Every structure is written in C-alpha cells, then in structure tokens.
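> okay, here's the prediction I keep looking at, along with the sequence it came from:
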2 protein chains.
Amino acid sequence: MNIYYICLLKILLIISFNQAKVIEKQSDTCREILGDDLIREIGSYENVRDEILRYVIEGDFKGKTYDELAKFVDKFGARPSGSEALENSIDYIIDITRAEGLNDVITEELEVPHWTRGEESITMLQPRVKNLSVLGLGTSVSTPPEGITAEVVVISDFAELENSQEEDIKGKIVLYNPMYTSYGATTPYRTQGATRAAAKGAVASLVRSLGPFSINSPHTGAQTYGENVTQIPTAAITLEDADLIRRITARGEKVILKIEMSSSYDTKISRNTIVDLKGRENPESLVIVSGHIDSWDVGQGAMDDGGGVFISWAAPVILKRLNLQPRRTIRSIFWTAEEVGLVGAYAYEEKHRDENHNINFIMESDVGTFAPLGLSVAANQEARCIIAEILKLFESINASTLVESNSAGPDIDVITNTGIPGAGLHNDNARYFWFHHTEGDTMNVEDEHELDLGAAFWTAVAYIIADISVDIPR
Amino acid sequence: MNIYYICLLKILLIISFNQAKVIEKQSDTCREILGDDLIREIGSYENVRDEILRYVIEGDFKGKTYDELAKFVDKFGARPSGSEALENSIDYIIDITRAEGLNDVITEELEVPHWTRGEESITMLQPRVKNLSVLGLGTSVSTPPEGITAEVVVISDFAELENSQEEDIKGKIVLYNPMYTSYGATTPYRTQGATRAAAKGAVASLVRSLGPFSINSPHTGAQTYGENVTQIPTAAITLEDADLIRRITARGEKVILKIEMSSSYDTKISRNTIVDLKGRENPESLVIVSGHIDSWDVGQGAMDDGGGVFISWAAPVILKRLNLQPRRTIRSIFWTAEEVGLVGAYAYEEKHRDENHNINFIMESDVGTFAPLGLSVAANQEARCIIAEILKLFESINASTLVESNSAGPDIDVITNTGIPGAGLHNDNARYFWFHHTEGDTMNVEDEHELDLGAAFWTAVAYIIADISVDIPR
C-alpha cells in the first residue's frame, strides 16, 4: 500500500511540476508577445472592472438579469423556431431594450423551419403494457394514423447496426442505446439515427436520450433525414425506458411497441435581433456578444438559451446605465432558429460577409449561465495571450480560466470558422445535460447570483476587448 | 479575521472533545451493561460475518439481489394496492422463494384500498396556455367531466391559509407551495391539504411536489379527506410549475387553471407474505426483516420499496444457501398496502397481537437501499448497546453507525410502538426524495454493488441478532 501511495504522490508532483512549467513558459511567451505596455494597459482596466462588478453583483443591477429572464420565459414559455411565441418574444426584447434608451436596434428577417409537435405516445404492448415517456425529434414525420406496431431491436452503436443482417432490422423499430459519454459522442445517434436505420429497413427509430442523468425525462433535439431513404418516425425515450427494454431483450424476451406520433412542417419568417452600443472612436469595429432566442418546444428555454440571451442583453444595458462607451461598438445579437440548424447565424454570416472584417471579436453563451469560469477561446496564440491577460482581471470571481478550443459556440462557429477570433462563456455547467432539451429547462435551473456573476463578467470582458488600444489579431 | 478563526477552531475543538467524551462515556456504559462475556461472544461472529460478506459481495451471490430485483420490477412494473400486478408479483416472489428450498411461506389475506388513477391534466389558461405535469394524490376524487376552471391562490403554509379571508379562498384553487426542508415537515400539505382548503371553500387543491430536486417530475402520495368537509380533487404539480405560478402571481397577474382528473375507488383483497427460516433452538422467537411489496402506480417501485423487499428476501435465501441456521427464526415479511396507510402492517399487528411477545427484534428497509451505513434503532439503552456492539463488526464496509430514533420504519412502527425493539436500514440516501413517488423510481436508481452490500449487511446483522445467547431487551 505504502509504495503505491508514494508512487502516486510522485506522479502527482511530477504532473503539477510539469504543468507549472508549461504555464510559466506560456506566460513567458505571452509576456514577450504582448510587451510591457499592453500588459500595463490591460491591467489599468481594474477600475472599470470593479465598477461593473460592483454595480451588477451588489449594486442597482443585482438580481436584474434573473428577474428579466424570469419575466421573459414566464411570459412566452418555449419559443420554437417559426412559432408565434418566438416572434412575440422578439418584439418584447426589442421593447425592453428600447426602454433602456438603447435605440440602435434592428431585426433582419429570414426564412426558418417550423416543425410542430402533435400528439405523441409510445406504449409497450409486450411483454406487458406500459406507457413510455417520449419526445419526437425535430423534423420527424408522423406515423400512420393507426400507429406503428413492431418489435424493438436494441443497438449499442452504429458498428453493430452496420454488422446486423438486414432481416434482423427490416420491419423493426431500432432503439439506439449508446451509453452517454459526452454530448458530442452521442449526438450522431439522434441526428442520423433515423436515416441509418431506414437504410437497413427499420420502420421507426428511437434514441436513448442524450444525457447522463434522468428522472424519467426525455430529451428532444434536431435530426435530419438523408437523401434517398424512407423518412421514418423518430423519437427520444428516457434512460430508464431504454434500460428497461435493453434488460428485457437481454433476457431473451421480445419487446413490442406501438408508436403514435403526429407533427406538421412548413416554413415561417423569423428575425435575428441586433442591438448596437456604438463605439466612441471606431464604431465600425464590432465586439459581438450573443445567444439564441429560440428554444426547443419543451420547458421554458431558460437555460438553453435564455440565460445566454439575457447576459448578452445585459452587456449594452449595463454599459449604457454606467455611461461607459468603449472605443469600438458592442453589438448584441439574439440569433433566431439555432436549434433547427443555426439558421439565424448562417443568414447573418451570409448577409454580412462583406463586412466581416469589421468583427474584432465575437462571443456567444450557449452552454449554460452557471457560475462563470472564464472563456473558451478559438483564436491564434497572440489573440489568446491578450484574452488571457484580460482574464487575469477576473481572478477575484474565479473566472480567469482560458480554455483553448476549436469551437467557440455553435452559432458563432459559422463566423469564427472564417478566421475571426471568438470565445464562448466557460462556466460551471456540469449538470447542463441533465436539463438540455427537456421539460426541465426552466428557471429552476438558473441561479440569481450566478447570473449576476455571468452578466458582470460578460459585460466587463466585452467592454475591455472593445476599448483596448489594439485589435484582436487573427 | 484571525480572532474569528481562532474562536472557530476553539469551538470545534471543544465540540469534538465533548463529542469524544460522550462517545467514550456511552462506550463505558455499554461495556458495563453488556459485560465482557457478551462483548467477546458478539466479537466471535467475525467469521460468520466474513463468510456472509464474502459470499454476497464477491462470491456466488454477487449481483444476485440486483438481478432478482430487476427481473421482478421489469416484469410487474408498479404494484399499487389492490392491483392485479401486485397480486401477481406476490405469487411470483413466493415461487422464487420456494425455488430456493424455503417452503415455510404463507400469506395472510386482508382488505386493501384500491384507488385507480384515470386521465389527469392541468392546463394553465391565463396568463398563457401551458400544460402542467400532474399526478393526482391517492384517494383524490374526480373533477366533474367538464373539469374545474378557477383562479389559483398560492399559499406558503397552513398559517397563511388560516389567516386568509374566506372570500380569498372560496371558489379558488389552493396551491400549497411550501419550500422543501424535509419530508416530514412538508408531508402535511399533501396529506391534509385538500381537507383544510375545502374547509375554507376552495374547489380544488394542489401541492408543490415533496422533494428537493426535480426535472419536471411530480410526486404522488397518500392523502386523506377529513370528515364533514367537501371532498375536493387534489394533485401534486412539479417544483418548476409551482415556482412559475408563484412568480406570476407575485407580479400581480392572475393564474387560471383548468383541472381535469378522473379516478375510481373500491377495495380488494391482498396479502402479507411471510417467509420463515426456522430457528434451530428457539423457533418461536422471531427476528423479522421486512419491506413493502406494494408501490405507488408510477415508476417501477424499485427504490420504494423493491430494494427493501429484495434485501429482506435475500436474508433467508443467503442463510439457507450457506447452511447457516440461527438459534431463533428469521422471518421475512413483505408487507402489502403500505403506501395507502400501512394497511398490511396494521392487519399483521392485529392478527398476531397475542404472539407479539415472540418478536425478539424487527427490522425494516423502506428509505432506500443505497450503500448501508448502519441501523436506525428504536429500542432502550441496553438493546442499543447490543446492536452497537454488533455494528462494530461492520466497520470494514462502513456500516457501523447506530442512529438513535423514535421511528424504525413506517410499517414496523406499528409494532415497535408497542414496546418491541426494532431498527431501520440507515443508508446513504441523500437523493432518496429526488425519486420518491415519481416516474423516476426505477432500476436506474439502484446500484448493483450497493445492493450487494445492503443484502450482506442485512443478512449478517439479522443472523447475529437471531443467534446470540441473549434476547434483545425491551
């Protein structure tokens, strides 16, 4: 036992020593890249930082982000792409923005998918009768009116599907039951599951909800039908029911389900919303903060992505109230139709492609607004050094971590992939996928103080980037 | 800061010193009460303990408790009082017990309530249309076919209800929204809420689900109508919806709900199940282990109380397999109709009242079968000293804590309240009320290894109590 303990201690010491060396080297390199003047300049923002943090965390803005978010999601509830609720919520956020004296607000129209969930039920008929909780996946077709009744075949991964004999899949309901490891790893079973099952002759496909924890809570989400395959109905079931079916079939018993689902699909006009707090010296240069205002059609879309919208709404509001006008323009964008394929972001990128050189830095919050920890940065090393130096100002609220990432956020990746530097809010979101795309995405997930911290951090970081003497390098 | 720190340290030192003194004194007292011979005798059970622990945790029984519980709850699902599923599940557990060569199995019939949930829905009509998740409370009456449509009045506690003017309650739907502190503290709002609201003229009552955490998961449970008041429909809604309604009304807006509920109520015959592993010297003397086999009509009743039933089923099975026949009889009881008012336990106590002097010790597991920590003991000091000495044998699996309690478990309190010593399984159940009485009470809550630990502990403790030379004092 003792020898293991000593070994473990040694390994830990070596790791932390090497880690320390890496950080020190990184720090040395950044010091060279930035130079003493820029480091001093960034450090000089500590007063502005204090002013913003104090105003939001203890001052007149305390609790405001939570309250405004609650009023918003309580009033409109879920805001699926193409819905009236979404358009009404856009009108509302424009009104409350103008009420703050921010009048540079425009919207840009675009066509968006409008998929509407109808009645949905799944009943296990064999080996016993039991209702399953279900959420159809976005864009799923309906079943015939009499439903689909068939045996289930449980599939752990795509390799197992591909290795299956066609007669084992044909006429069956495929249930994808991959254990959750990460959202990225399991998402293909939701997005491509129906297409790949249909190619093997399945009559419907189900997916184990993408999440690590459940209280019988199904998770919906987007899926896409491939070309030249039959469009079969597809839905998510709960971890509990997926495990139940797995256990029963593993005992050699047949599971027969009856699936009844209806839905409709057309397109509507929606809008991206753009709020500008014009810069005092380089108004054409933009520092963008953003979140998506649409949600899935379950829960309230408070976490995904009401919180992201409201800290991005708060940034220009707070700066306006504090009479802080940075050198460059702060632009808040509330993307529409993110959930159904980043439709708003693609439309914005296309429309503004000729002016994209004006984007100095772009930020998005779309993985929760729990306690802020720092930024997840997609940019070159020089840019990362500047951001890292700025983040040092947020050690007091434990938000100075810079995560290097290829992806800054789903919507803004459309823009950062063209070489523009950007970042996502890195936050304490370990439970994010407990609630994601479920009826549990409500204000109960949000915390007033954490939202204050997030709004303060988001605002102060955007201000400093928008105000420093240098542009963010690309 | 420093002075506070020193003071805190001092206080902590004093507390732990005093605590240590209390434990030492307790230990001294117990040593006197028990005497060296009994202490030595109890210590001599370490070999039997090892044999049982090894067999269940690493040997042939490893995983068996989980597997048998899973087969059981997967086959029958929820087992509400009066249902066919419950009676079939009783037949099944008798079969698998006999298959183990345990033939001293009897059942005792009794009349039980049979409340059946029909269709249930709650729709918020104002300020916007939204469906609420709902679970009617057991014994709730139906609404009229057209439902009940009324304004909601949110009540924090009974004092607020009693202080309300009758015109503020009359014709309204009362929503009890007490914040969860403990199950005990909030249960009266579920059990008596309808009666107390009806006395003030309410047309229906709702209760914030009794639990500290939710993914939009309502919790059902028992309620009782008082005499001479109108029986109004009553249901649980989720934490999320209760908070939504609270926030909306706090903003001065009206919330109007439409409640539609149906149910039926009659009585049926059910059975307590009694399995005896006869004692080799004092077969008339009983050490009882128990859990309740009925459940609510949601989820699988895996946690409440499938786990308790199956570790109690495992005890005689394991002892039989290991050929360990204690001095006294080990009796396993699977209570029926616990959820609807401890009906099985009351019937047993009444039927066996004349022989209750034969109960040497009675145990129940009904607050989860997470990792065992020890026992929650309702007995006099001499008895507690014996149990504490036995629990010392379970330090290696971290299950040697004795909690002094007035309540050993809901069913067995009917018996311990007559002066018979008993204990409940004290286990690591911090999340118990996340799942209690919800659709989330499934096998996903259970852990194979923790069930092995629980079964091994339960069996070994029962064996030692049933085998030692002294009776448990009352």
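Ah, there it is.
> all strands of chain A, in order?
With strands called from DSSP state E, chain A shows them at A:105-126, A:130-132, A:134-136, A:148-155, A:173-176, A:204-208, A:234-237, A:256-277, A:282-292, A:328-335, A:359-364, A:372-378, A:401-404, A:422-427.
> most packed of the ones you listed?
Of these, the one with the most neighbours on average (mean count of other CB atoms under 10 Å in any protein chain shown) is strand A:204-208, at a mean of 29. C-beta: built from backbone N, CA, C; applies to glycine.
> the inter-axis angle of that one versus strand A:105-126?
Interaxial angle, strand A:204-208 versus strand A:105-126 (axes from the mean of the first three to the mean of the last three CA atoms, to 10 degrees): 100 degrees.
> got the CA coordinates for strand A:204-208 in PDB?
C-alpha atoms of strand A:204-208 as PDB (Å, rounded to 0.1, in the frame of the first residue of the first chain):
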ATOM      1  CA  ALA A 204     -39.100   3.700 -36.900                       C
ATOM      2  CA  SER A 205     -36.100   4.600 -34.800                       C
ATOM      3  CA  LEU A 206     -35.800   5.600 -31.100                       C
ATOM      4  CA  VAL A 207     -32.800   7.000 -29.300                       C
ATOM      5  CA  ARG A 208     -31.800   6.800 -25.700                       C
END
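> now do the contacts for residue A:441.
Residues in contact with residue A:441 (CB atoms under 8 Å, 6 or more residues apart in numbering or on different chains) are A:295, A:296, A:298, A:299, A:300, A:301, A:302, A:303, A:304, A:435.
> residue A:260 contacts residue A:147, doesn't it?
Yes: if you go by CB atoms under 8 Å, residue A:260 and residue A:147 touch, sitting 4.0 Å apart.
> need the residues of chain A near chain B, please.
A:70-71, A:74-77, A:127-128, A:130, A:133, A:214-217, A:239-240, A:243-244, A:247-248, A:251, A:299-300, A:434-435, A:438-440, A:442-444 (CB under 8 Å from any CB of the partner chain).
> please convert the buried members of these into ChimeraX selection syntax.
Of the residues of chain A next to chain B, the buried ones go into a single ChimeraX selection, burial set by 16 or more other CB atoms under 10 Å in any protein chain shown:
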select /A:70,74,75,76,77,130,133,214,215,216,217,239,240,243,244,247,248,299,300,434,435,438,439,440,442,443,444
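> the residues of chain A next to chain B in helices, which ones?
Among the residues of chain A next to chain B, the members found in helices (DSSP state H) are A:70-71, A:74-76, A:239-240, A:243-244, A:247-248, A:434-435.
> I'd like to know which of the strands of chain A is closest to residue A:454.
For the strands of chain A, the distance to residue A:454 is smallest for strand A:372-378, at 4.8 Å, taking CB to CB.
> may I have the strands that pair with that closest one, each with its orientation?
With DSSP bridges as the test, strand A:372-378 is paired with strand A:401-404 (parallel), strand A:422-427 (antiparallel).
> avg pLDDT for that strand?
Mean pLDDT, strand A:372-378: 98.
> and stretch A:141-153, by the same measure?
The pLDDT scores in stretch A:141-153 average 98.
> contacting residues around that stretch?
In this structure, residues lying in contact with stretch A:141-153 by CB under 8 Å, 6+ apart are A:118, A:125, A:164, A:168-169, A:171-175, A:202-204, A:206, A:231-233, A:245, A:249, A:254-263.
> try stretch A:336-350
Outside stretch A:336-350, the residues within contact range by CB under 8 Å, 6+ apart are A:80-82, A:86, A:90, A:108, A:110, A:112-113, A:115, A:138-139, A:221-222, A:224, A:270-273, A:292-296, A:305, A:333, A:335, A:356, A:366, A:410-412, A:414-415, A:418.
> what about residue A:228, distance to chain B?
Residue A:228 sits 38 Å away from chain B, taking CB to the nearest CB, to the nearest Å as the criterion.
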